[in-house]
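J.: need coordinates for the below:
(one chain, ligands or ions: 1)
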Amino acid sequence: MTSTLPPVPPSLAGRIVGPDDARYERLRHGYVHRGAPAAVLLPEDAAQTAEALAYARSLGSAVSVRSGGHGISGRSTNDGGAVVDLSRLDEVRVLDRARRRIRVGAGARWGRVAQALAPHGLAVSSGDTGDVGVGGLVTAGGMGWLARLHGLTVDHVTAVELVLADGTHVRADAEREPDLFWAVRGAGGNFGAVTAVELRAHETGDVVFANLVFDAGNAAEAAALIEAWGAVLETAPRELTSFLTFMPGGPGRSHVAHVAAVYAGNAEHGAAERTLTPLLGVGPLVRQRAVLAPYPALVPVSGVAHHAQQPLGATRSGLLDHLTADAARAVAEALESGQVLMQQFRSVGGAVNDMDPAATAYAHRTQNFSLMSATVPERESGLDAHWARLAPHLNGLYLSFDTRRGPRVLAEAFPGPVLPRLRALKERYDPENVFDRNFPLK
Ligand SMILES: Cc1cc2nc3c(=O)[nH]c(=O)nc-3n(C[C@H](O)[C@H](O)[C@H](O)COP(=O)(O)OP(=O)(O)OC[C@H]3O[C@@H](n4cnc5c(N)ncnc54)[C@H](O)[C@@H]3O)c2cc1C
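T.: So this is what the prediction gives:
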């Protein structure tokens, strides 16, 4: 323990890391954000999490809650404050195979969750990256490889266990604390430190994973490709979920489009081929590859320590009902600007839109596509100019993919009655705004 820090309670002895500790370098930063916290606390269970939070608060500066450290919008590290790192709470348990009930610690990575469930023939649709933590994703949404077939991760949460600002450890589900249960599934980072969640997993065997590379040509050709990809996805069976990613080609060179697609239905009798084939025609194909793979292969775990290795630290998120010609043109034109270095569409729709918008604090249930545009922080004003042109085509946003803060962003993330309801609940559960590192609800 660092001598400048006040004494820790006995239960946390050896579980606090300060700057002079050999473990500090591996723990100070996130994947996107750099940090220099005064202390990182490493609780191993819910009781220790409550003690760690109380201790962190007693230091009187910023308190960050961290699960996997992959926060883009949420800041799970800070300068001079405390980080409550839940990575030790990483147990994955099948509670009831017949009912597909599972319990997952908030500190587990989604890749490990996939590995633990696969022998049972189960999976949870999470995201596209195995290193992302359970806690940050399951409290925000969870747009992943199986989104059109199974919906968002929050749609399958049946109970949440969390430490509240007053130190109590509660369980929220449809019967107990139903308001809190609603709020945590979309805005969870504002309400407590989630220690574990229960979910209903899906029966999942091998899936077909296809990677297609296209020469996207100039902006007009790239726009045509976006429209064509969108049209395929809107009419495709739900078993298909796909991402379309653009990298600008640079002056005088073709842009490159990368389509990743997952077919998660029964691949027999040519169904996978029939579903994937229309994607081959969305533009001039350069390369294609499709493999039958177990779901965990789609979300490998790297185990690499965080050192803010993601340079695209400025991102914008928008949701779209349809990929119209005008919207596609606005996205493609940004490829020419040299200001926006990556743009990625994800298909949502399908099962995501089966949910009642009032069922979870993530309330966007009409849109078919999510778009994220990213750049380096030095070019953020160029990204903003692009985003201003795109704004008329957008309908809401997903906070996990947006680095902006402020009231307008919140209003787009939590439309209509959602934001006032969240603010009222924030007064009830966290009146002192202890959990302020996610997005400022107050
Ligand atoms: C490479 C990469 C790929 C991604 N892919 C996807 C994707 O496919 N789909 C998708 O939906 N999202 C994706 N995301 C976004 C990701 O879901 C969010 O950034 C999420 O917050 C990361 O979770 P984490 O636990 O790793 O984050 P952390 O950095 O640990 O936490 C981020 C914030 O979440 C909150 N939080 C974390 N843990 C808890 C907890 N236990 N209780 C309460 N609040 C908590 C805190 O406010 C914290 O500041 C991706 C992000 C990255 C960097």
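
J.: next, count neighbours for the residue of the stretch 1-150 of the chain at minimum distance from the ligand.
T.: Residue of the stretch 1-150 of the chain nearest the ligand, by CB to the nearest ligand atom: G136 (2.1 Å). Where C-beta positions appear, they are placed from N, C-alpha and C, glycine not excepted. When neighbours are counted by other CB atoms under 10 Å, G136 registers 27.

J.: ok, and the closest non-adjacent residue to the residue of the stretch 251-400 of the chain found nearest the ligand?
T.: Closest residue of the stretch 251-400 of the chain to the ligand, CB to the nearest ligand atom: S400 (4.1 Å). Once flanking residues are discounted, S400 sits nearest to A140: 4.5 Å by CB to CB, 6 or more residues apart in numbering.

J.: that neighbour: neighbour count?
T.: 30.

J.: which non-adjacent residue is nearest the residue of the stretch 301-442 of the chain found nearest the ligand?
T.: Evaluated by CB to the nearest ligand atom, the stretch 301-442 of the chain has N438 as its residue closest to the ligand, separated by 3.3 Å. The shortest distance from N438 to any residue other than its chain neighbours is 2.9 Å, reached at G189 (CB to CB, 6+ apart).

J.: how about A391?
T.: G318 (7.9 Å).

J.: just confirm that neighbour contacts L394, I think it does.
T.: Yes - G318 is within contact range of L394, at 3.7 Å (criterion: CB atoms under 8 Å).

J.: between those two, what contacts are shared?
T.: When contacts are counted by CB atoms under 8 Å, 6 or more residues apart in numbering, G318 and L394 have L371 as shared neighbours.

J.: higher neighbour count, the two?
T.: G318 (24 against 19).

J.: which SS state does that one fall under?
T.: strand (DSSP: H, G, I helix; E, B strand; the rest coil).

J.: do you know how far it is from A328?
T.: According to CB to CB, to the nearest Å, G318 and A328 sit 13 Å apart.

J.: which ones are touching the residue of the stretch 151-300 of the chain found nearest the ligand?
T.: Closest residue of the stretch 151-300 of the chain to the ligand, CB to the nearest ligand atom: G189 (3.0 Å). By CB under 8 Å, 6+ apart, the residues touching G189 are V65, G74, G136, T139, A140, F435, R437, N438, F439.

J.: try Y55
T.: By CB under 8 Å, 6+ apart, the neighbours of Y55 are V8, P9, L12, I16, L41, A82.

J.: which two in these are spaced the farthest apart?
T.: Largest separation among those by CB to CB: P9 and A82, giving 13.8 Å.

J.: higher neighbour count, these two?
T.: The neighbour count for P9 versus A82, taken as other CB under 10 Å, is higher for A82 (26 against 13).

J.: and for the more buried one, nearest residue in space, chain neighbours not counted?
T.: Per CB to CB, 6+ apart, closest to A82 is A56, 3.6 Å.

J.: and the next helix or strand past the strand or helix carrying that neighbour?
T.: Remark: A56 resides in helix 46-58, with elements defined by DSSP states H and E. Sequence order places strand 63-66 as the next helix or strand after helix 46-58, per DSSP H and E.

J.: parallel or antiparallel, which strands does the helix or strand just after that next one pair with?
T.: Downstream of strand 63-66, the first helix or strand assigned by DSSP H and E is strand 82-85. Strand pairing for strand 82-85, determined by DSSP bridges: strand 39-41 (parallel), strand 63-66 (parallel).

J.: confirm D326 sits in a helix?
T.: Yes - when classified by three-state DSSP, D326 is found to be part of a helix.

J.: isn't it right up against H393?
T.: Yes - D326 is within contact range of H393, at 6.4 Å (criterion: CB under 8 Å).

J.: more neighbours, the two?
T.: Using other CB under 10 Å, the more surrounded residue of D326 and H393 is H393, with 19 against 12.

J.: for that one, give me its contacts.
T.: Contacts of H393 (CB under 8 Å, 6+ apart): G318, L320, T324, D326, A327, A330.

J.: check G80 too.
T.: Taking CB under 8 Å, 6+ apart, one finds A36, P37, A38, S61, A62 in contact with G80.

J.: quick check: closest non-adjacent residue to the first one.
T.: Spatially, and ignoring its direct neighbours in sequence, A36 is nearest to D79 (4.9 Å; CB to CB, 6+ apart).
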